[in-house]
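Q: Here is a sequence together with a model predicted from it:
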Amino acid sequence: MKTLILATGTTRDAHLRALEAEYLGRFPAKLRPEVRELAEGKTAAQTTATQLAALQGLAPPAFVVALDERGELLSSPQWAEKLAQVGQQSTKTLAFMIGGADGLSLPLKAQCQAVWAFGKLTFPHQLVRGLLAEQLYRCHTLNTGHPYHRV
């Protein structure tokens with residue numbers, strides 16, 4: 001199963017890029033999530049069109065998680081369990097959609113199989129990339145019995 005991070009916009013801050021690279025670099029090469037940056041349009045409608053086009057381009061069957069502050073709140077072990085379940089299905093692509101400054105539109109979220117949140121706080125979308133990379137690595141270690149996650 002291929003894991004993708006579909007991130008709207010780019011990360012200009014070197015520290016945030018380093019955080020993301022640190023956690024993605026911990027994965028074995030064959031399991032490393034791939035980051036695809038999506039152009040942020042001049043209008044919210046243009047950005048949504050770009051995001052929807054990215055969803056249409058995923059290899060089916062795909063399981064897409066939208067990250068949104070109003071999404072389902074899960075613990076790290078719950079994330080790991082849900083990702084393990086997705087991996088046991090015939091899913092070819094697991095994708096995480098990160099919105100830009102305007103977040104994700106309702107039509108886009110409606111096309112996703114899940115909407116999850118990192119909490120009720122609003123985070124800059126560039127920071128969410130690093131948070132997601134760490135959380136995916138944590139899930140990987142939980143599902144493989146690695147001692148990285150401590151209760």
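A: Here it is on my side, so go on.
Q: what's the single longest helix in the chain?
A: When the chain is parsed with DSSP state H, its longest helix is helix 125-144.
Q: quick check: mean pLDDT across it?
A: Mean pLDDT, computed over helix 125-144, is 96.
Q: which outside residues touch that helix?
A: Helix 125-144 is touched from outside by 3, 5, 7-9, 11-13, 16, 19-20, 22-24, 26-27, 31, 33, 35, 67, 76-77, 79-80, 83-84, 96, 98-101, 118, 123, 146-149, with contacts defined as CB atoms under 8 Å, 6 or more residues apart in numbering. For every residue, glycine as well, the C-beta is placed using N, CA and C.
Q: at 7 Å instead, please
A: If you take CB atoms under 7 Å, 6 or more residues apart in numbering as the criterion, helix 125-144 is touched by 3, 5, 7-9, 11, 13, 16, 19-20, 23-24, 26-27, 31, 33, 67, 76-77, 79-80, 83-84, 96, 98-101, 118, 123, 148-149.
Q: from these, which ones fall inside strands?
A: Judged by DSSP state E, the contacts of helix 125-144 include 3, 5, 7, 8, 67, 96, 98 as members of strands.
Q: Kindly indicate which of those lies nearest residue 59.
A: The closest of the ones in strands among the contacts of helix 125-144 to residue 59 turns out to be residue 3 (CB to CB; 11.9 Å).
Q: and the residue most central in space within the chain, what does it touch?
A: Centroid check for the chain by CA atoms, centre = their mean gives residue 96 as the closest residue, at 2.9 Å. Listed by CB under 7 Å, 6+ apart, the contact set of residue 96 reads 5, 6, 65, 67, 132.
Q: Which of these ranks first by neighbour count?
A: residue 67 (28 neighbours; other CB atoms under 10 Å).
Q: That one bridge partners, please.
A: residue 98, residue 116 (DSSP bridges).
Q: Isn't it up against residue 95?
A: No: assessed by CB atoms under 7 Å, residue 67 is found out of contact with residue 95, at 10.8 Å.
Q: Now do the helices in this structure.
A: Counting by DSSP H, the helices of the chain are 14-24, 44-56, 76-88, 106-110, 125-144.
Q: Flag every buried residue along stretch 144-151.
A: The neighbour-count check on stretch 144-151 (16 or more other CB atoms under 10 Å) flags nothing as buried.
Q: Actually, stretch 117-127.
A: With burial defined by 16+ other CB under 10 Å, the residues of stretch 117-127 counted as buried are 117, 118, 123, 125, 126, 127.
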